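> need a structure here:
(chains A and B)
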Number of protein chains: 2
Amino acid sequence: MKTTVHALLFDVFGTVVNWRGSLIASLESFGEKNGLKADWPALVDAWRAEAYGPLMDEIRERTLPWTPLDDLHRVALEELLPQYGLVGLTKAEVDWIHRLWHRLDPWPDAVPGLTRLKQGYSISALSNGNVAMLVNMARHGGLPWDMVFGADLFNHYKPDAECYLGACTLLGLEPERVMLCAAHNNDLQAASELGLRTAFIQRPLEKGPKGPIEQPADGWDLVASDLQDLADQLGMKTTTHEDEP
Amino acid sequence: MKTTVHALLFDVFGTVVNWRGSLIASLESFGEKNGLKADWPALVDAWRAEAYGPLMDEIRERTLPWTPLDDLHRVALEELLPQYGLVGLTKAEVDWIHRLWHRLDPWPDAVPGLTRLKQGYSISALSNGNVAMLVNMARHGGLPWDMVFGADLFNHYKPDAECYLGACTLLGLEPERVMLCAAHNNDLQAASELGLRTAFIQRPLEKGPKGPIEQPADGWDLVASDLQDLADQLGMKTTTHEDEP
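Got it, this is the predicted structure:
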């Protein structure tokens, strides 16, 4: 494996950062501070579903013009707030909630795992987030990306082929030299069909402690329990204190 | 200054890496090892001039279709080698020379300076190099970029406006929130006309110890003697051992 793969691409939401847990924790704390009550987990789930479902599908089908994820989040948020009883928020408060997607926390294994993997491979985000969101998120969480492939570099959302092949072209690598690492089978399926290598990263808590767990389909090159395990499987040495970034 | 600028963009060749000195040193060592003699500094100067002059101009004028810098370097190198008496090189040797642009060394102040600047600003490459070249170069030299804006993201070469404005758009920032840091007046002039802030970085050795020195024109927001001085002027604290990445 290590002799042929030169670059790792990472899905970000769910695979590298705990989007759901981060949003819920921030909103609960916001609610307590401001005396607001709402079903925060339900709001977060609806927010993600709205942006990633109908809105993104319309863009994939080109019935909506290209719109970056930040803007889809804004449209969805403004629709959802009154549905969850949140009325009369100031613009600054809505902006703050909107921008929570820029400050998502990494899973605990993500930074040490990526740091080890970076010793042997270039490591890049390949996400449906836009560049500004992903760069801010990396700075917030200390994600040591070599490159950030936001969907706004391609004006396409995964699983459109333009994203995977666009990243390979920009890296100057044939798809078989590139491995997508993701917690979602549909993402890996698209990459695999285009000739990329695949690593399924298990994230049983992505949808919450009681949420559904996505199990790996058959046929991926690797299945890893987290990014430290991926580093183990790819033969990266263990990070000692002296190696830490 | 610090209250309004959120992101720093860096020209790379000359400003962050010592392209000329790195290429000459590598080629001299290659020549010694292989018993080849040539006027290496003249070859390097001609190589850069050919790629950045006539070839890039044709792309700016759209008389040549978009071609990334790696490919311009290849065309120029294959023209120049026989002119400098270098015939009969193997493909692997020509490949190795060609790829030297992926392994240029940073100026000594670049990594510590960028590391300090990253504490207060997002720091991105904005270069006429292509993404693969810039990512490999960053990995080679330890450049801690938040984002790499290669010219192949825009299919335009600086000083075309598409590069500067494209980077601002992808960062989600108005141009006045973004500062270009460069050792070349023409680069800063283009950025300034588009509303970006400007920092001239003095690199008296870019063209060699006896080469011409580019002096800063009037009108830049800052003039810095190197990237450590830029960090000082932007109020970044001095990196101590505990802070080191």
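> Flag every buried residue along the lowest-mean-pLDDT helix or strand in chain A.
Within chain A, no helix or strand scores below helix A:56-60, which has a mean of 92 by mean pLDDT, DSSP states H and E. For helix A:56-60, burial by neighbour count (16 or more other C-beta atoms under 10 Å in any protein chain shown) applies to A:56, A:59. The way it works is simple: take the backbone N, C-alpha and C, and place the C-beta from them, glycine included.
> Could you verify that residue A:181 is part of a strand?
Yes - Residue A:181 sits within a strand when classified using DSSP: H, G, I helix; E, B strand; the rest coil.
> leaving aside the residues next to it on the chain, what's closest to it?
residue A:199 (4.3 Å; C-beta to C-beta, 6 or more residues apart in numbering or on different chains).
> do residue A:147 as well
With sequence-adjacent residues excluded and distances taken as C-beta to C-beta, 6+ apart, residue A:147 is closest to residue A:124, at 4.0 Å.
> bridging residues for that neighbour?
Counting by DSSP bridges, residue A:124 is bridged to residue A:9, residue A:147.
> Run through the helices of chain A in chain order.
For chain A, the helices defined by DSSP state H cover A:19-34, A:40-50, A:56-60, A:69-83, A:91-98, A:110-118, A:131-141, A:161-171, A:185-193, A:227-233.
> Can you spell out which helices and strands pack onto the fifth one?
Taking 3 or more C-beta pairs under 8 Å, 6 or more residues apart in numbering or on different chains; DSSP states H and E as the contact definition, the neighbouring helices and strands of helix A:91-98 are helix A:19-34, helix A:69-83.
> what mean pLDDT would you report for the longest one?
Mean pLDDT, helix A:19-34: 97.
> which stretch among the helices and strands packed on helix A:91-98 comes nearest residue A:221?
When the helices and strands packed on helix A:91-98 are compared by C-beta to C-beta, helix A:19-34 sits nearest residue A:221, at 25.3 Å.
> picking up where we left off before, what about the residue nearest to residue A:147, how many residues close to it?
Using other C-beta atoms under 10 Å in any protein chain shown, residue A:124 has 22 other residues around it.
> you'd agree it is up against residue A:149?
Yes - the pair formed by residue A:124 and residue A:149 meets the contact definition of C-beta atoms under 8 Å, at 5.7 Å.
> Need the overlap of contacts for those two.
Residues touching both residue A:124 and residue A:149 (C-beta atoms under 8 Å, 6 or more residues apart in numbering or on different chains) are A:9, A:167.
> List just the one of the helices of chain A that sits closest to residue B:234.
Across those, residue B:234 has its closest neighbour in helix A:131-141 (16.4 Å, C-beta to C-beta).
> What are the buried residues along the closest one?
Buried residues in helix A:131-141, counted by 16+ other C-beta under 10 Å: A:131, A:132, A:133, A:134, A:135, A:136, A:137, A:138, A:139, A:141.
> Please list which of those residues also come close to chain B.
Filtering the buried residues of helix A:131-141 for neighbours of chain B using C-beta under 8 Å from any C-beta of the partner chain leaves A:131, A:132, A:133, A:135, A:136, A:138, A:139.
> what residues are up against the second one?
I take that to be residue A:132. A:70, A:102, A:150, B:170, B:171, B:172, B:173.
> Backbone dihedrals for residue A:85, please?
Reported as degrees, to the nearest 10, the phi and psi values for residue A:85 are phi 80, psi 10.
> Hmm, it is touching residue A:38, no?
Yes - between residue A:85 and residue A:38 there is a contact under C-beta under 8 Å: 5.8 Å.
> of those two, who's got more company?
residue A:38 (16 against 11).
> can you pull the contacts of that one?
Contacts of residue A:38 by C-beta under 8 Å, 6+ apart are A:27, A:31, A:84, A:85, A:86.
> Out of these, which end up buried?
For the contacts of residue A:38, buried by 16+ other C-beta under 10 Å: A:27, A:84, A:86.
> Make sure the second one is actually in contact with residue A:43.
Yes - contact criterion C-beta under 8 Å: residue A:84 and residue A:43 qualify, at 4.8 Å.
> Around chain B, pick out the residues from chain A.
Residues of chain A that fall close to chain B, judged by C-beta under 8 Å from any C-beta: A:70, A:122, A:124, A:130-133, A:135-136, A:138-139, A:146-148, A:150, A:152-153, A:170-173, A:245.
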